[in-house]
Every structure is written in structure tokens, then in C-alpha cells.
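Student: Sequence and predicted structure below; questions after.
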Amino acid sequence: MDAKQDAPRRIVFTGAECTGKTTLIRAISEALDEPYSLEYVREYVDSIQRPLEARDLDPIARGQLQGEDEAFAKAKRFALHDTNLLSSILYAEHYFDTHIPWVDQRFLERDYARYFFCLPDIPWEADPGQRVSASERDHLHSRFQEMLARYDIRPILLSGPLERRIQTVLTDLQQL
């Protein structure tokens, strides 16, 4: 077996706000005893205590990459990522009508083995400073679909209750 096959694989959980990504990734991490990285923007928003501005996009992307790399360094088989730079690209476009060229380039250079796309079929919950609304979640879901298609990413769709989502992920990862 070559070194690339022995290296851990990056697994991404993506989707609009409030689609269960964080709860799911923590459950998968526990089931597999593998590390995960959280969506850095949440930590960043909490630290600045103000609405996000375009100038925040660069440090958010850098923090996202740092978290991913820290999880990857600890991984045996899988590094689990609660979003990745795809979200940074989408939100830069959606909220600020901009692109950060180095973020686009780094995203294309990263090797993600699998994407799981969390569907918005669970109840929306308010999270002040982090989530906008249920209707915004639906709009962002459509934007994520467009973004996945743009980059020719064919994710595994996750729907239904947490237990079903967990089983779908665990079954799929056994085959990787």
C-alpha cells in the first residue's frame, strides 16, 4: 500500500446553517474515535462581538484551514471537518459579493475524500449572531447545491433524524 492510501482522509460535512452538521460530526467523531474541526466562523463571531464585515473573510478562512490541519494531524483514518473553505467561498459571494483568490486556490488544492451534504429537513433553531432565519437557511441550501455543482462535487445526501444520518455516514466510511 502506498503512502497516499495510508494517509488519513479528509471528510467534509457541509450544508446551510442549522442542518445538524455540528451535532452529527461530534457523534461520528465519537463513534470512530477520530478528530474533527469545527466551523471556525462560529468561534470568530463570538470573539469579535460585532457583525461580520468583508475584512473578516481572510482571518476566517485562515482559522478554518488551521482547524482542519490540526484535526488532520491527529487523525488515524479520517479527519472530520464541520464545513471547509467551500463555505468560506459561498459566504464571501453571498454576503459580500467578493472572492478572495488565495481561498479559491487553496480550496482547489485540498484533497477531500468525501462530502456529506446535510439537508434542511430538521427543525430550524434560532442562534443569535450565528443564524439568520429558516427562509435564509432554505436560500443558502440552494446556494450550497449550486456551489457543489460548480465544483463537480457529488456529495452523499444526509436527511432525516440524527440516527439515520449517523448510520448513513458510518456505512459509507466503512467502504472508503
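Tutor: Looks like it came in fine. Numbering: from 1, shown residues only.
Student: Pick out the residue nearest the middle of this structure.
Tutor: The centroid of the chain falls nearest to residue 83 when counting by C-alpha atoms, centre = their mean (1.0 Å).
Student: so how far is residue 6 from that one?
Tutor: 26 Å (C-beta to C-beta, to the nearest Å). To be clear about C-beta, it is placed using only N, CA and C from the backbone, and glycine gets the same treatment.
Student: Quick check: the residue nearest to the centre of the chain touching residue 25?
Tutor: No: checked against C-beta atoms under 8 Å, the pair residue 83 and residue 25 is beyond contact range at 9.4 Å.
Student: Mutual contacts of the two, please.
Tutor: Residues touching both residue 83 and residue 25 by C-beta atoms under 8 Å, 6 or more residues apart in numbering: residue 13.
Student: mind listing what residue 37 touches?
Tutor: Shown in contact with residue 37 (C-beta under 8 Å, 6+ apart): 64, 67-68, 70-71, 79-82.
Student: same thing but 6 Å
Tutor: 67-68, 71, 81 (C-beta atoms under 6 Å, 6 or more residues apart in numbering).
Student: what does residue 61 give?
Tutor: 88, 103.
Student: For residue 158, give the beta-bridge partners.
Tutor: Assessed by DSSP bridges, residue 158 has beta-bridge partners residue 118.
Student: State the number of residues packed around it.
Tutor: If you count neighbours by other C-beta atoms under 10 Å, residue 158 ends up with 24.
Student: before we move on, what about residue 58?
Tutor: 14.
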